[in-house]
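# fold the following, please.
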Amino acid sequence: MSRSKYMILNGELIQESAAVISPLNRGMMYGDGCFETLRSYAGKFLGWEEHIGRLESGLNYLDMNAPFSSPDLRNQVHKLLKQNQLEHDEAMIRIQCWRDGGRGYAPKTKDAHWMIQASEFPTQEKEIKLSVAETRCIPSEALERKYKLSNGLNYVKAAQEAVKHSCDDALMLTVSDKVSETTSANVFWVKEGKVYTPSPACDLLPGVTRSLVLDVIRSLGLPFEESEYLLSDIGQAEAVFCTNSLLEIAEIISLDKTRFEVNHPLVMKVKIGFEQLKVKEFQE
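From the prediction side, this is the model:
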């Protein structure tokens with residue numbers, strides 16, 4: 001049974017079972033909100049300011065007022081971790097914001113509600129099977145892709161496709177057939193001693209961990225390229241891996257019927273470099 005029995009709702013520490021939110025809220029009716037998910041390493045965080053900066057930028061994009069400051073939010077997260085007896089463990093943090101108000105597409109306020117959840121970190125599969133989704137990524141011209149917006153129905157549909165193919169996640173393409181991302185992670189691959197990853201022009205969410213991994217690749221002096229690619233490009237890869245704040249770096253063992261090398265020497269270099277980055281960050 002999970003020890004995570006408390007949450008923070010609009011700044012108040014309460015039992016999760018006691019949380020009361022009107023069903024007539026704009027987050028539920030329209031997905032009018034944004035969120036961040038990050039990992040707590042016994043109360044320490046990788047890229048905290050980047051995560052919260054993106055959350056605040058997402059609120060600004062939606063024309064909502066941020067109901068907290070970064071230092072206050074961090075204090076609230078620590079309070080919740082302690083209450084849930086997770087301050088010495090790894091934990092999963094979700095910070096969710098949604099606009100005040102009710103029905104009608106045109107908002108009548110910039111005020112936001114918010115909540116924080118902290119739960120035990122789930123056991124993660126280290127190797128992932130992907131399938132190519134028919135569901136495409138939403139173009140940036142239709143909806144800004146730089147933020148974690150609450151309406152994720154296209155990810156839901158792509159994930160349903162992956163389940164039907166007995167896979168762990170789905171690789172999504174742009175409407176112009178370029179490789180973009182999975183439903184929950186950014187994707188990288190290795191070929192002939194070089195690392196490749198789709199650029200933000202490919203309608204992807206440029207993740208915080210993606211940025212950290214690119215820093216690691218640069219610091220190691222590894223050749224890399226960030227551009228637009230077709231599905232055939234990733235199909236020719238020797239090894240493939242994906243990144244997000246919960247998985248960190250997870251290897252892809254297959255994409256539909258195409259299989260990839262696991263424990264590829266170059267991928268292992270990146271993993272070791274990432275662990276060294278964590279040690280450095282947590283010592284500061």
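# could I get the full set of strands for this protein?
Assigned by DSSP state E, the chain shows strands spanning 6-9, 12-15, 33-41, 90-99, 112-120, 127-132, 169-173, 179-182, 186-191, 194-198, 224-227, 239-244, 248-255, 258-259.
# so where's the protein uncertain?
The chain contains residues with pLDDT under 70 at 1-4, 125-126, 284.
# for residue 23, find the nearest of the strands of the chain.
Closest of these to residue 23 is strand 90-99, at 12.3 Å (criterion: Cβ to Cβ). Every C-beta, even on glycine, is put in place using the N, C-alpha and C of the backbone.
# tell me the buried residues in that closest one?
91, 92, 93, 95, 96, 97, 98, 99 (16 or more other Cβ atoms under 10 Å).
# rewinding a little: between the strands of the chain, which one is nearest to residue 208?
Closest of those to residue 208 is strand 33-41, at 7.7 Å (criterion: Cβ to Cβ).
# how about that closest one: buried residues?
33, 34, 35, 36, 37, 38, 39, 40.
# with stretch 245-258 instead?
By neighbour count with 16+ other Cβ under 10 Å, stretch 245-258 contains the buried residues 245, 246, 247, 248, 249, 250, 251, 252, 253, 254, 255.
# how about the buried residues of strand 90-99 in JSON lines, adding distance to residue 113?
As requested, these are exported to JSON lines (distance: Cβ to Cβ, whole Å):
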{"residue": "91", "distance to residue 113": "23"}
{"residue": "92", "distance to residue 113": "21"}
{"residue": "93", "distance to residue 113": "18"}
{"residue": "95", "distance to residue 113": "12"}
{"residue": "96", "distance to residue 113": "9"}
{"residue": "97", "distance to residue 113": "7"}
{"residue": "98", "distance to residue 113": "6"}
{"residue": "99", "distance to residue 113": "8"}
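# of those residues, which is the nearest to residue 168?
Taking Cβ to Cβ as the measure, residue 168 lies nearest residue 92 of the buried residues of strand 90-99, at 17.4 Å.
# what's the distance between residue 242 and residue 59?
Using Cβ to Cβ, to the nearest Å, residue 242 is found at 27 Å from residue 59.
# with residue 238 instead?
Taking Cβ to Cβ, one finds residue 238 at 41 Å from residue 59.
# what do you get for residue 48?
For residue 48, the distance to residue 59 equals 17 Å [Cβ to Cβ].
# between these two, who's got more neighbours?
residue 59 (21 against 18; other Cβ atoms under 10 Å).
# that one reaches residue 111, doesn't it?
No - counting by Cβ atoms under 8 Å, residue 59 does not reach residue 111; the two are 10.9 Å apart.
# common neighbours of these two, please.
Common contacts of residue 59 and residue 111, defined by Cβ atoms under 8 Å, 6 or more residues apart in numbering, comprise residue 65.
# before we move on, back to that, for residue 194, state which of the buried residues of strand 33-41 is nearest.
Among these, and counting by Cβ to Cβ, the member closest to residue 194 is residue 39, at 28.7 Å.
# ok, the closest one - contacts?
Residue 39 is in contact with 45, 46, 90, 91, 92, 93, 121, 245, 246, 248, counting by Cβ under 8 Å, 6+ apart.
# tell me which of the buried residues of strand 33-41 is nearest to residue 139?
Using Cβ to Cβ, the buried residues of strand 33-41 come closest to residue 139 at residue 34, 18.4 Å.
# switch the buried residues of strand 33-41 over to a markdown table; also include distance to residue 14.
Shown next, in a markdown table, are the buried residues of strand 33-41 (distance: Cβ to Cβ, whole Å):
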| residue | distance to residue 14 |
| --- | --- |
| 33 | 20 |
| 34 | 22 |
| 35 | 19 |
| 36 | 21 |
| 37 | 21 |
| 38 | 22 |
| 39 | 23 |
| 40 | 20 |
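# what's the residue nearest to residue 182 when sequence neighbours are not counted in contact with, if anything?
Leaving aside its chain neighbours, residue 182 sits nearest to residue 169 (4.5 Å; criterion: Cβ to Cβ, 6 or more residues apart in numbering). Neighbouring residues of residue 169 by Cβ under 8 Å, 6+ apart: 128, 129, 130, 159, 162, 182, 183, 184, 185, 242.
# thinking again about what came up before, generate a markdown table for the contacts of residue 39, with distance to residue 283 as supplementary columns.
Below are the contacts of residue 39 laid out as a markdown table (distance: Cβ to Cβ, whole Å):
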| residue | distance to residue 283 |
| --- | --- |
| 45 | 14 |
| 46 | 13 |
| 90 | 18 |
| 91 | 20 |
| 92 | 23 |
| 93 | 21 |
| 121 | 21 |
| 245 | 20 |
| 246 | 22 |
| 248 | 18 |
